[in-house]
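>>> Predicted model follows, preceded by the sequence.
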Amino acid sequence: MPHNIALETVSSPEDDAGVYENVTLRRKTSASSTITDPKDSEFLKMIKLEVRAAVRAELAPISEKLNELQNSVQYVSNQYDDIVKTTSKIMNDYKNLQSECSTLRATVEDLSERLNNMEQQAREANLEIHGVPYHRSENVLAIVNKIAEVVSHKLNDIDVLKCTRVASINKDNKRPRSIIVKLKGSRSRDEFYSAVTRYNRSHPKNRLSSSLLGIAGDSCPVYVSEHLSPANKALHAATRAKCKELSYRFVWVRNGRIFARKNETSPFIFVKNRQVLDTLH
C-alpha cells in the first residue's frame, strides 16, 4: 500500500521578512548611557548645599531658643538645689529651736513653780480678811481683835506682827480692799483660821459679818482665808468656777494647797495646776 508522505514547506528569507514586518526592534541600552552628566551632579550638589543652608537658617533660632531654655532649666535646677539646701537648714534649725523651746518652757515652768512656792511660803503665817467695809478712821488691828473676840479665839498682842489693807489687783472691783494679817507663825495662823471655821459651822444662820464686828451700815459677810500667792489665788478662783460648773460641793485651801471634792463620799483632788482642772468631770 502506498504511504502518504507529508512534504515540509521551506520558507524563504523573503517570507520571513514578511513575518517580522510589523515587529519593532529595540536596541539594548549601553551601560555608558546611565552615567550622570557632570553638569547634573554639580546642580544636585548646589541644591543640597542650598537646602542645608536653608535648614540651618531655619533651625538656628530654634537651636538658640533651646540653648536659652537649657540655660534657664539649669538655672532653675540650681535655684531648686539651693532652696532644698536652705529648706533643709531651716528645718534643722526649726527642730533645734523646738528642742530649745521645750527645754526653756520646762525651765520656765519649773522656775515659776519654785517662785510660787517661795511666795506662798512667805505667806505661811498670813491670813486674808475679805468683805470688811472701809472707813477712813478705822483701826485695822481693832478689827482683827474684834473678829477674834466674835469667834472666841484668844489673840494676844504679840501674836499679830502686822495688819494692813492691801490694794486690789482689779481696780474696777468695787468690793472693799482685803486686810492682810501677819501672825507670829503658821501655828498661830492655823489656830485663828480654825476658830473662824468652827464659828461659821456652828452658826450657819449667823455667820461672820460686818454687823457682828460693830461696823455701821448694811450687814455684809466677812470671809477669812489663807493668804495665797497671786498664782495660787488665780488657780483657786479657776477651781471654784470649774467646780461650780461641774456641781462639786467642796473646794478648800490647806497650807497654800487647793483641794476639791465632788461630794462627801468621793475622794479629794489636789489641784496642783490648771491641767488638773481639765481632768475633772
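Received it, and whenever you're ready, just let me know what you need.

>>> what is the mean pLDDT for the helix ranked longest in the chain?
Ranked by residue count and defined by DSSP state H, the top helix of the chain is helix 38-122. Mean pLDDT, helix 38-122: 89.

>>> Show me what that helix is packed up against.
Under the contact criterion of 3 or more C-beta pairs under 8 Å, 6 or more residues apart in numbering; DSSP states H and E, helix 38-122 touches helix 230-245. C-beta here means a position set from N, CA and C on the backbone, and glycine is covered the same way.

>>> How far does the helix it packs on sit from its chain's centre?
26 Å (C-alpha atoms, centre = their mean, to the nearest Å).

>>> Tell me the buried residues in it?
By neighbour count on 16 or more other C-beta atoms under 10 Å, the buried set for helix 230-245 is Ala231, Asn232, Lys233, Leu235, His236, Thr239, Lys242, Cys243.

>>> List the neighbours of that helix that are in contact with it.
112, 116, 119-120, 169, 228, 248, 250-251, 253, 256, 258, 260, 271, 273-274, 277, 280 (C-beta atoms under 8 Å, 6 or more residues apart in numbering).

>>> Considering the buried residues of helix 230-245, which is situated nearest to Lys174?
Minimum separation from Lys174 among the buried residues of helix 230-245 (C-beta to C-beta) is found for Lys233, which lies at 18.5 Å.

>>> still on that earlier bit, pull out the buried residues from the contacts of helix 230-245.
Buried by 16+ other C-beta under 10 Å: Asn116, Gln120, Leu228, Tyr248, Val251, Val253, Gly256, Ile258, Ala260, Val271, Leu277, out of the contacts of helix 230-245.

>>> Quickly list what Glu226 is bridged to.
Leu127 (DSSP bridges).

>>> so how many other residues sit close to it?
Neighbourhood size, Glu226 [other C-beta atoms under 10 Å]: 23.

>>> what is the mean pLDDT for stretch 261-275?
On average, stretch 261-275 scores 94.

>>> Next, the buried residues of that stretch.
Arg261, Lys262, Ile269, Val271.
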